[in-house]
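S.K.: this one's sequence-less:
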């Protein structure tokens, strides 16, 4: 996502995309993405099944 810049993946990162990349199950993908959002690394957009995440370029972790 960092290589793609502030736009990240086209349409943002979703739990489904994360599942494929990380080869994991949906509960783990959702938990990981929510954890990164709580730390401020990702910015969530939308809610429920339509939640997408973008990289927070201003994060102190990057």
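M.R.: Arrived safely. In this text the structure is predicted, and so the values were computed from the model without any measurement. Numbering: from 1, shown residues only.
S.K.: Phi, psi for residue 29 please.
M.R.: phi -60, psi -50 (degrees, to the nearest 10).
S.K.: Let me fix that, I meant to ask about residue 30.
M.R.: Torsion angles, degrees, to the nearest 10, at residue 30: phi -60, psi -50.
S.K.: my guess is it meets residue 15, correct?
M.R.: Yes: counting by CB atoms under 8 Å, residue 15 is a contact partner of residue 30 at 5.0 Å. To be clear about C-beta, it is placed using only N, CA and C from the backbone, and glycine gets the same treatment.
S.K.: contacting residues around residue 13?
M.R.: 1, 33, 42, 52, 53, 54 (CB atoms under 8 Å, 6 or more residues apart in numbering).
S.K.: Please enumerate the helices of this structure.
M.R.: Under the criterion DSSP state H, helices of the chain are mapped to 15-22, 26-39.
S.K.: now the residue nearest the centre of the chain, which residues is it bridged with?
M.R.: Compute the mean C-alpha point of the chain, and by CA atoms, centre = their mean the closest residue is residue 53, 3.9 Å away. Beta-bridge pairing for residue 53 (DSSP bridges): residue 13, residue 44.
S.K.: Relative to residue 16, how far out is it?
M.R.: Between residue 53 and residue 16 the computed distance is 12 Å (CB to CB, to the nearest Å).
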